[in-house]
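**Q** After the sequence you'll find the predicted model.
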Amino acid sequence: MYGTIARLHPKADRTDELYAYIRRMESVPVPGFIASYLFRPDKDPYDKATVFLIALFDDEASYKANADSPDQNERYLELRELLEGDPDWMDGTFEGLGGA
């Protein structure tokens, strides 16, 4: 699997909107998309509200095709309106290590 982990800083009082936006995006048909997750730390490791978005795709090619698509750019602009600044993205390979 291939995908991204993004650090997001929601605008004040917009975290619920961010969660709703991510849930809506789960239903958008994107070739190769597997799933997305939001991780909300118990304690913010930064001086402001922080959530992490994880997005998983079948492979790097489908991830990059989505990232380069005009439709994804439009979705990104909607996401960006909910954030204090641009996300920090870390793209790479996800490997299952087993477990329950």
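**A** Yep, it's here. Computed from a prediction, not measured in an experiment: that's the story for all the values here. Numbers count the residues shown, from 1 in each chain.

**Q** Where does pLDDT dip in the chain?
**A** 97-100 (pLDDT under 70).

**Q** if we go to 90?
**A** Low-confidence segments of the chain (pLDDT under 90): 12-13, 15-16, 19, 22-28, 36-38, 40-49, 95-100.

**Q** Let me see the ranges of the helices in it.
**A** When secondary structure is read from DSSP state H, the chain shows helices at 15-26, 60-67, 70-80.

**Q** quick one, which of those helices is packed in tightest?
**A** Highest mean neighbour count of those: helix 60-67, a mean of 16 (counted as mean count of other Cβ atoms under 10 Å). Just so you know, the C-beta spots here come from the backbone N, C-alpha and C atoms, and that holds for glycine as well.

**Q** what's next to it, contact-wise?
**A** Contacts to helix 60-67, defined as Cβ atoms under 8 Å, 6 or more residues apart in numbering, come from residues Tyr2, Gly3, Thr4, Val30, Pro31, Gly32, Phe33, Ala55, Phe57, Gln72, Asp91, Thr93.

**Q** rerun at 7 Å
**A** If you take Cβ atoms under 7 Å, 6 or more residues apart in numbering as the criterion, helix 60-67 is touched by Tyr2, Gly3, Val30, Pro31, Gly32, Phe33, Phe57, Gln72.

**Q** Same question for stretch 89-97.
**A** Residues outside stretch 89-97 that contact it (Cβ under 7 Å, 6+ apart) are Met1, Tyr2, Gly3, Thr4, Ile5, Ala6, Leu56.

**Q** What separation do you get for the closest residue to Gln72 other than its chain neighbours and Tyr76?
**A** Of all residues not flanking Gln72 in the chain, Asn66 sits nearest, at 5.2 Å (Cβ to Cβ, 6 or more residues apart in numbering). Distance from Asn66 to Tyr76, counting by Cβ to Cβ, to the nearest Å: 11 Å.

**Q** Kindly report the same for Lys43.
**A** Using Cβ to Cβ, we find Lys43 at a distance of 28 Å from Tyr76.

**Q** Equivalent analysis for Lys64, please.
**A** Going from Lys64 to Tyr76 by Cβ to Cβ gives 14 Å.

**Q** Then Val28?
**A** The gap separating Val28 from Tyr76 is 12 Å, by Cβ to Cβ.
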